[in-house]
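Colleague: Sequence and predicted model, in that order:
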Amino acid sequence: MRETGSAQGWAAEIESRAAEQHLDRERRLSHELLRPFRMMHTTIRRDGNKWCVLYGENVQNGVAGFGNSPDTASRDFDRAWYAEEKP
């Protein structure tokens with residue numbers, strides 16, 4: 001049988017870990033919602049056998065990302081957003 005102090009310490013540790021996990025989830029969600037491809041209200045569509053995330057009227061005048069899935073295309077877009085001059 002556990003001592004009262006040990007049980008309380010264990011419960012406090014569990015509470016602390018749960019709070020940390022909640023903060024981690026909140027940070028990941030905030031990061032995801034603030035990604036450029038979301039903030040700039042891009043369009044996501046198929047382009048041949050790839051996916052394209054586009055900000056602007058076309059690839060030449062806007063910022064675009066490409067990938068085999070919407071997720072990889074959105075990550076490529078974010079990389080391009082931070083790397084290039086914006087129109």
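Modeller: It's in. Numbers count the residues shown, from 1 in each chain.
Colleague: residue closest to the middle of this structure?
Modeller: Nearest to the mean C-alpha position of the chain, by CA atoms, centre = their mean, lies Glu32 at 2.9 Å.
Colleague: Packing partners of the helix or strand that one falls within?
Modeller: Assigned by DSSP states H and E, Glu32 belongs to helix 4-33. Helices and strands touching helix 4-33, by 3 or more CB pairs under 8 Å, 6 or more residues apart in numbering; DSSP states H and E: there are none. Glycine gets a C-beta too; all of them are placed from N, C-alpha and C.
Colleague: Could you tell me which residues within it count as buried?
Modeller: Residues of helix 4-33 include none that count as buried (16 or more other CB atoms under 10 Å).
Colleague: and it, how far from the chain's centre?
Modeller: On the basis of CA atoms, centre = their mean, to the nearest Å, helix 4-33 sits 21 Å off its chain's mean C-alpha point.
Colleague: Average pLDDT for that helix, rounded please.
Modeller: Averaging pLDDT along helix 4-33 yields 78.
Colleague: same check, this time on stretch 39-56
Modeller: 94.
Colleague: I appreciate the help and will end here.
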